[in-house]
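**Q** quick one: sequence plus predicted model below, questions after.
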Amino acid sequence: MKRQEKKRQNAVSDKDIQKKDAGLPLSQNPHEVREDREKKLELAIGYEVRAHRKQLGITVADLASATGLSVGMLSKMENGVISPSLSTLQSVARALGIPITDLFRRFEGPRKAVFVKAGEGVESERRGTRAGHQYNLLGHIEGNTSGVVVEPYLISLTEKSDVFPTFQHLGTEVIYMLEGRVVYRHGDMTYEMVEGDSLVFDADAPHGPEVLVELPIRYLSIISYPQRPG
């Protein structure tokens with residue numbers, strides 16, 4: 001009996017390790033419905049206060065000290081529990097270094113979307129262009145409410161392309177193979193990728209296609225990085 005219990009505990013431990021290695025559990029539910037939540041002004045304001053505070057890297061106590069408000073009141077504000085007065089919102093906005101209108105944008109601001117028809121992506125110049133890598137930008141939203149910039153590219157490599165495995169930039173990148181076969185390098189590791197394979201990595205390490213095994217090669221490259229203030 002004890003042996004079975006120990007075996008069960010080991011199995012749970014191994015499963016937890018696998019989740020940790022895979023970066024699970026994720027913090028967001030992609031199927032979450034948030035319409036009712038965002039229609040409430042208090043919750044929308046609270047979201048903006050928390051987002052701007054975290055972007056500055058300060059605590060609730062720091063914000064309380066800068067505004068003269070209590071920690072408890074600010075916590076209730078961030079959780080959408082109370083309806084703050086205009087003077088309170090003005091104090092918070094001033095301490096965060098933002099216009100007071102920024103605190104309302106999640107409630108009333110429009111959500112942007114970019115639709116690109118097949119073959120109509122904007123051809124873009126990037127470092128790999130000189131190696132014969134064709135970049136088509138599939139859309140771009142500036143000034144979004146998430147605080148994250150996302151650049152999706154369709155990259156095409158042909159017989160005219162050279163290898164150029166020395167890209168290095170800020171952010172996180174996702175590679176998804178659509179066609180062909182390539183050996184892709186990231187840091188000290190290489191990955192032979194075919195249609196349907198994906199790779200997610202820290203883009204600050206040297207990376208790029210090292211061996212063009214089967215041409216033509218097409219893959220999606222999605223780069224995300226923090227949006228610069230202002």
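**A** Here it is on my side, so go on. Numbering: from 1, shown residues only.
**Q** same question for stretch 214-221, mean pLDDT?
**A** When pLDDT is averaged over stretch 214-221, the result is 95.
**Q** quick one, strands of the protein?
**A** With DSSP state E as the criterion, the chain has strands at 122-124, 134-137, 148-157, 172-186, 189-194, 198-202, 207-226.
**Q** now the shortest one: mean pLDDT?
**A** When pLDDT is averaged along strand 122-124, the result is 60.
**Q** and the fifth one, by the same measure?
**A** The predicted model assigns strand 189-194 a mean pLDDT of 96.
**Q** flag the helix or strand of the protein with the lowest per-element mean pLDDT.
**A** helix 2-21 (a mean of 44; mean pLDDT, DSSP states H and E).
**Q** on that earlier part again, could you dump the strands of the chain into a markdown table with mean neighbour count and distance to residue 163 added?
**A** For glycine as for every other residue, the C-beta is placed from the backbone atoms N, C-alpha and C. Below are the strands of the chain laid out as a markdown table (neighbours: other C-beta atoms under 10 Å; distance: least, C-beta to C-beta, whole Å):
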| stretch | mean neighbour count | distance to residue 163 |
| --- | --- | --- |
| strand 122-124 | 12 | 20 |
| strand 134-137 | 18 | 15 |
| strand 148-157 | 18 | 9 |
| strand 172-186 | 18 | 9 |
| strand 189-194 | 14 | 12 |
| strand 198-202 | 14 | 16 |
| strand 207-226 | 17 | 6 |
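**Q** residue 61 contacts residue 71, doesn't it?
**A** Yes: shown here, residue 61 and residue 71 form a contact pair, counting by C-beta atoms under 8 Å, at 5.6 Å.
**Q** please identify which of these two sits among more neighbours.
**A** The residue with more neighbours, out of residue 61 and residue 71 and counting by other C-beta atoms under 10 Å, is residue 71; that gives 14 against 10.
**Q** right, and the more buried one touches residue 62 too?
**A** No: Residue 71 lies out of contact with residue 62 (C-beta under 8 Å); the separation is 9.9 Å.
**Q** what about the nearest residue to residue 66 once chain neighbours are set aside, neighbour count?
**A** Leaving aside its sequence neighbours, residue 66 sits nearest to residue 95 (C-beta to C-beta, 6 or more residues apart in numbering; 4.0 Å). Residues within reach of residue 95, counting by other C-beta under 10 Å, total 21.
**Q** contacts only, for residue 95.
**A** Residues near residue 95 by C-beta atoms under 8 Å, 6 or more residues apart in numbering: 63, 66, 67.
**Q** residue 218 too?
**A** For residue 218, the contact set (C-beta under 8 Å, 6+ apart) comprises 154, 155, 156, 157, 177, 178, 179, 180.
**Q** state the distance from it to residue 180.
**A** Using C-beta to C-beta, to the nearest Å, we find residue 218 at a distance of 7 Å from residue 180.
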